[in-house]
Structure formats: structure tokens, C-alpha cells
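J.: got a structure for you, letters missing:
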């Protein structure tokens, strides 16, 4: 976390003023697990969203992208366990139905509601369960934590945070436990703030923050059918300093993005990849993403093998310019390669601990970027082999 | 195999007239395994090659790409166990040294020799072992099989084939046991023919064949530091019918490419993905490659889970145009999705057997392409976690 933004203890998506939330187990997931929830602002919000670029979009994505076109929203209704993707006209009806049910409950219009779903593709929503769930859910100021649980799928833990800066608060929750491809094809994040901002500004700073954070944990440009990041700003805490607000929003996104990377399916080790002195920022970005998503780097990091050749090979195929003799490579701040000199493999220390920091200086310019990933374990394969069966 | 090309029983790279080969265990790999070999034509050859587009190129790639610039070669010297990549000026000297040693043995010029290496990146070649090996290797008409063994790394079996068409023969061997990323960063293939062809034609048909075959098993555009496909044509069997020759060359490349895909590290099931009626051939190509390389598709195919939503999601993110309602999807020729209708997940048959055939009709044009991959297993992770350690 940079600048003055302070983390709020036990902060979550309902930490900013005027937001309530709640969740319950309506029966879409197994065994009484929370699977449906609502996030609500007591006053109308300026809102912005970033959505999947996958050409196959889930019904709730199509609906919410459209309803957010006016830059306004007041509530989010979300379910886990069923993605409502590849579900055709019935899927569209069901997503619209979720919006109508939530609107009726909250005395809003349907286009005030953002609808989101996550779960298996190609299965229709059990609307009878959803209807009862929306009707029964209780909204409280403490409900953000339950909501963070209700959006989980194979996530091992909830992902939530709130920060405070200059009298305004920003809170957020996220889900997503797959790293190589977002699990069950979905990464969701809902962010709230009591700052008073205009829609153009909110949309612009959200897009910039997502590009530096959530988009840097996505792999190979892989975007799913259901991905969305939504921010609701209700204005109750007044106007923020724009720069402070943007930095705080980016901090919230960074925190949640790292939570997702570190909770990757089967993950035992978070990988942070920083590329410095690339020719351009864009080249730094593609190089960082390519390394963080390389299967061979991820498997090496799983065993702790300091196999730096795989890192160099990944940058070489990334599209970023690289001059072999200029590359410097650091593993956990220990220099492994500089001026074409490197120690024998068996003299490089094995990687231990639950995080590894890969830093590569290309010495070709001023481009810089950071990406996050996780190791690839046998357990990942097991989880994803067995998912719908 | 299409047209008249017939597979030669026990055919290999020395099946065409005038080629000899040999291999031995010189000590680069462990335990007396074959790790160095030579392929030789008794007369000078027209030659062509396709090389990695990775910006980090191994020393032998740089050298061989340059020496093949004149469209001629007469021998290949190759080692496994060390990629001679990221090895700086010493690596360049060592690759040149391999060419000089082979040239001296065979009474040729150094630029008549193609040099190739495969193995660990960032390790220098043990040139004393290489020198003795090149000196000691015996070349025979039956030596192609030993050469196919000597280029193996974690490959579980050799990959070799020869075909005959219209009086000319084409033989080939290949290595490569990683599919997600070519294993140890290398896929090699050496192809020979006794056809009499000119260098421009040979180069053109090789490139076209590689694009349809070896490049359709490469994943995410991933190309390694050492990849190369070389063809040597010594002319001893006279001029071929050009169309027959091209089809036979493509058949050899297809056979070897499928061998590589089917021998992917930890692979239990070959995946063939055919995209039909895409808007353009290029869109069919990227869609087929994206599905064949999708981690989620690969893990589903590992357990035999007919998780077709993952296939649709992969096409959706591939960049190819897709209209959800027009998609038809077949698993092993059973229709799973058509006109937006699909059976419930639990009514779709599990996938069994060592091959699965995914066919998707996009119904948007005439583009068609096939890609090959393999399932992703826990064993893949284990192999790649432990490789250099």
C-alpha cells in the first residue's frame, strides 16, 4: 500500500458509509454453503465496471454491462455455483429475473441492479431457489464478510479489504481461485466507496487500476465468460482528492488481485514478477505477464527449482525486446545473471517460503510492470480434472 | 495419410537413398543413454529449415540458420542433454566447434553441417565429451533409429516415420515430449528425402507443412530457444511430382507432430481439435490452437470430463469470431451442442480411450484447421517440477 491510504482493520465491502450487504445458502452450491448475496447502497451510486472481453459472455455480463451504461447503480445481486453462461435466451431471462427480484425487494428499478454469477458454464440457474434466496436475504452493515464468502467457489478463503484516505473509504471483495485460467471461468470483484466522484472519473480510474492489478494476474490474455469488476460510489463522505482516490483504489485492487493469485487452485507459493528497464511499459507488461503465466516457470517454482533459463525463455517468446547480454535476473533479490555470468545450477539456492520475487532488468529503456501468479501443482490438475464430475 | 504416399515399414530418417546415421552415449546424459548423433548424406543436399522465433535463440540455432542461408547442407550433428542456450560467446564457440569437428570427420566444410542441441538451458556443453563422441560415432544405413533415440530427452518413445510416393522416399525423426511448452524448451525434427528438388521449392513446402503440423502442436504461440525442423534432399531418386511431394512431406510432418503431442509429458490422451466453418482459415487456426492449449480443457480431458463449456469459453477468448447460437460442438463425433440445445452435464458420456476428437463448427464461413494437444496430468507437473533438480 502506497501513499497515505490506511488499511481498515477487518475492512470489507460494507466498510464505506451507507453500504449494507447480506448472503445466505439458497441451495445452488452444496451443503448449506453461502451462495447468494446482495450488496446495497442506501443512496444511488455513480458506478463503473470492467467486463470480460471474451466473445462468449455470460447472460449477467451482457445485462450488467448494458445497465451500467448510464454510469449509475445502487445494488449488486450475485450468486455462486452456476455461471449462467452459454445458457441462451433462458439465461438472459434468468439474469433479468434476478435484477427484477432484487429491484422489487429493494424498491429500485431493475437497471439500478448489477447482476453477477459464477460457477459452472452451460447450466441454467435454479430460479425457484434464487427467488426464495433474494427474498430472504438480510442486509446489514456487517454483511460484507458474508457476501465475500457467498461469491467463493473453489477459493480456499475470502478476499476482502478496505482502506481509508482523506476521510473517504474504499472497500472491496473478490473471488477467483484459478490462476492459469480463472477458476470456473470467473473472477469477480465488487468495490464500494463513499467518495463523491463523477462517473467519467470513476470509470477512468477503475480502468487504469484494473489494468495494473486484476489484468496482471490474468494469464495469456485469458478472460472468461463472467469476469467483472464493479465499483459503486455513493458520495456520502464527500469529494476526495483525485490523486489520493486513484492511488487508494489501485491499492484495494492490488490487494485483492494478490489475494486471488495467492489463492490459486492448488497454489503453494505466490509468484511476483517485476520487469524493469524494458524498452516500453507495454513490453514490460507483456514480459511480466508471460513469465508469471509460463507453465514451465510455474512448475519450477512449485518445487523451488531456481530454473532461470525458463524465465529468460519466457521473456524471449513474450514479444518484448531482449538482448541476452544485457539481462540481469534476480531471484528473491539474489543476483543470478548479470553480464552473461551465472553460477552453475547446483550452486543456486533453492526457493523456499510462500512467496517468490522474480525481478528482471532488461536494460533497454524505462518500462516497468509487475505481474502476479502462483506455482502450478499436482493439486491444480486434480481440482480441475474433477470439477464438474 | 492422404493421397498415394505409403508408410514404409520400420521407416526412419535413413530410409531415403544415400543417407546414413549413427549415435552413441558420450556422457552428456546419464547412465549410458544415447545423447550424440550424426545424420549424413553421401552427396550434397538441397536443404531448408524452420527455426524458433524466440528472441533468445540457442547458439546452434543462430549458427544453423546462418549456415542454411545458402540452401545447402550435407549433415546434421545433434546432442541431447544440454541445449547450449543462454551460454553467451562460449556457446557460440561450442556450436561452431561441433560443426568443425563433424566437418573434419566427414571431410566437409563447416557450413555443410547443421548443428542442433536440446536439453537444459544455461549450461555449457562438455566439449571434451562431444569431441570424443563425434570422433567415435559410426554411420550406417540402419542408424536412423539410433539417432531418433539419441535426440530424446523426457520423450517416452522415439518418433520416426518414412513414406514412399512415386519412387521417392521421405523419412523423418522428431523429439519433444512437452506439449504445453516444448519440453526442455526444444522440439527438433530432421527430415530427409532422396527427391531432387530446388531449394526455393523445398523451403516453401517445408514452411507450409510446418505451419499445418508442428506449429499446430505448439501452444500459445510458444516457441522455444532451440526449436528447429530441417529437411535435407539429396536428389538420388530423381525429380518428384511437386504436389505428391508436398502432400507426402506434410504427411510425414503430421505423423511426427501427432507423435509429439501424444507423447506429451505425463500425457494419457491425445486431443485432436478440428475447427470447421470459421469465418477465415486464420480464425480456425487460432481457435483450434487455443482449445488444444487451454489448461482447463486439458485438465478436463485428463479425467474424461466432457466439460464443453470450457471449449466454448476457449474459442470465445481466442480472437476468432463466434456467435453462440450458431455453434455446433461434437465430442468423439457425438453432438453435444447445436442450436443452443445441449443435454444436462450428467447425461453426457464420459470420455474414455487414449484419443479424444473435438470438433466445433462455427457456421460463419469456410475456415478450417486442426490442432493437436494432450491432456494435462499431475505427472506433467511432477516431471516439470523436478527437471533440473
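T.: Sure, I can see it. A quick note: this is a predicted structure, and the numbers were derived from the prediction, not measured. Numbering: from 1, shown residues only, chains lettered A, B, ... in the order given.
J.: So for the residue in the stretch 101-250 of chain A positioned nearest to chain B, what's the pLDDT?
T.: Taking Cβ to the nearest Cβ as the measure, the stretch 101-250 of chain A has residue A:121 as its residue closest to chain B, at 2.7 Å. For the C-beta atoms, the positions are set from N, CA and C on the backbone; glycine is no exception. We have a pLDDT of 79 for residue A:121.
J.: what residues are up against the residue nearest to it when sequence neighbours are not counted?
T.: Nearest residue to residue A:121, sequence neighbours excluded (Cβ to Cβ, 6 or more residues apart in numbering or on different chains): residue B:309, at 2.7 Å. Each residue near residue B:309 by Cβ atoms under 8 Å, 6 or more residues apart in numbering or on different chains is listed here: A:83, A:85-86, A:120-122, A:185.
J.: quick one on the thing from earlier: how far away is the residue of the stretch 101-250 of chain A closest to chain B from residue A:290?
T.: 27 Å (Cβ to Cβ, to the nearest Å).
J.: Could you export the contacts of residue B:309 as a markdown table, including neighbour count?
T.: Formatted as a markdown table, these follow (neighbours: other Cβ atoms under 10 Å in any protein chain shown):
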| residue | neighbour count |
| --- | --- |
| A:83 | 31 |
| A:85 | 32 |
| A:86 | 26 |
| A:120 | 19 |
| A:121 | 27 |
| A:122 | 26 |
| A:185 | 33 |
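J.: Show only the entries of the residues you listed found in strands.
T.: Secondary structure from DSSP state E places residue A:120 of the contacts of residue B:309 in strands.
J.: Touching, residue A:369 and residue A:216? I think so.
T.: Yes - taking contacts as Cβ atoms under 8 Å, residue A:369 lies within contact range of residue A:216: 7.1 Å.
J.: Now the common contact residues for the two.
T.: A:285, A:288-289.
J.: other SSEs contacting the lengthiest helix in chain A?
T.: With secondary structure taken from DSSP state H, chain A has its longest helix at helix A:242-262. Counting contacts by 3 or more Cβ pairs under 8 Å, 6 or more residues apart in numbering or on different chains; DSSP states H and E, helix A:242-262 packs against strand A:159-165, strand A:168-175, strand A:188-193, helix A:199-212, strand A:270-278, strand A:367-374.
J.: buried set for that helix?
T.: A:244-262 (16 or more other Cβ atoms under 10 Å in any protein chain shown).
J.: same check, this time on stretch A:335-348
T.: A:336-337, A:342, A:345, A:348.
J.: quick revisit: do I have it right that the residue of the stretch 101-250 of chain A closest to chain B meets residue A:83?
T.: Yes - with contact defined as Cβ under 8 Å, residue A:121 counts as touching residue A:83 (5.0 Å).
J.: and residue A:108, how many residues sit next to it?
T.: Residues near residue A:108, counting by other Cβ atoms under 10 Å in any protein chain shown, number 17.
J.: Looks like it contacts residue A:74 (just checking).
T.: Yes - assessed by Cβ under 8 Å, residue A:108 is found in contact with residue A:74 at 5.5 Å.
J.: Please identify the buried residues of the helix or strand of chain A with the lowest mean pLDDT?
T.: The helix or strand of chain A with the poorest confidence is helix A:378-385; it has a mean of 77 (mean pLDDT, DSSP states H and E). Buried positions in helix A:378-385, judged by neighbour count with 16+ other Cβ under 10 Å: A:378, A:380-385.
J.: could you pick out which of those residues are near chain B?
T.: Applying Cβ under 8 Å from any Cβ of the partner chain, the subset of those adjacent to chain B comprises A:378, A:380-382, A:384-385.
J.: In the stretch 151-300 of chain A, which residue sits nearest chain B?
T.: Here the stretch 151-300 of chain A gets closest to chain B at one residue, residue A:299, 3.6 Å apart by Cβ to the nearest Cβ.
J.: and that residue, what element?
T.: Taking DSSP states H and E as the definition, residue A:299 sits inside helix A:295-303.
J.: Likewise for residue A:358?
T.: Residue A:358 belongs to strand A:355-361, assigned by DSSP H and E.
J.: Relative to residue A:287, how far out is the closest residue to residue A:235 other than its chain neighbours?
T.: Sequence neighbours aside, residue A:196 is the residue nearest to residue A:235 in space, at 3.5 Å (criterion: Cβ to Cβ, 6+ apart). Here the distance between residue A:196 and residue A:287 works out to 39 Å (Cβ to Cβ).
J.: just how off-centre is the strand ranked longest in chain A within its chain?
T.: In chain A, assigned by DSSP E, the strand with the most residues is strand A:36-51. Offset of strand A:36-51 from its chain centre (Cα atoms, centre = their mean, to the nearest Å): 17 Å.
J.: is chain B contacted by the helix or strand just after it?
T.: Where DSSP H and E defines the elements, the next helix or strand beyond strand A:36-51 is helix A:59-67. No - Helix A:59-67 is not in contact with chain B by Cβ under 8 Å from any Cβ; minimum separation 10.4 Å.
J.: So what touches helix A:59-67?
T.: Contacts to helix A:59-67, defined as Cβ under 8 Å, 6+ apart, come from residues A:49, A:51-52, A:57, A:73, A:84-85, A:87, A:91-92, A:94-96, A:98-99, A:110-117, A:225-228, A:230.
J.: how much does it deviate in direction from strand A:36-51?
T.: 60 degrees (axes from the mean of the first three to the mean of the last three Cα atoms, to 10 degrees).
J.: so how far is helix A:59-67 off the chain centroid?
T.: 18 Å.
J.: got it, and stretch A:258-273?
T.: With Cα atoms, centre = their mean, you get 12 Å for stretch A:258-273.
J.: can you state the direction angle for the helix or strand containing residue A:23 and strand A:36-51?
T.: In this assignment (DSSP H and E), residue A:23 forms part of strand A:19-24. Strand A:19-24 runs at 120 degrees relative to strand A:36-51, counting by the same axes, to 10 degrees.
J.: For strand A:19-24, which helices and strands make contact with it?
T.: Using 3+ Cβ pairs under 8 Å, 6+ apart, strand A:19-24 sits against strand A:36-51, helix A:144-150.
J.: does any bit of the first one sit next to chain B?
T.: No - when contact is scored as Cβ under 8 Å from any Cβ, no part of strand A:36-51 falls within range of chain B; the minimum is 13.0 Å.
J.: Tell me the buried residues in that strand?
T.: A:36-41, A:45-51.
J.: what does stretch A:355-373 give?
T.: Buried residues in stretch A:355-373 (16+ other Cβ under 10 Å): A:356-364, A:367, A:369-373.
J.: Return the residues of the stretch 251-389 of chain A in contact with chain B.
T.: Close to chain B, as judged by Cβ under 8 Å from any Cβ, the stretch 251-389 of chain A has residues A:294-296, A:299-300, A:302-303, A:305, A:307-310, A:312-313, A:315-317, A:321-322, A:324-325, A:340, A:342, A:344-345, A:350, A:376-378, A:380-382, A:384-389.
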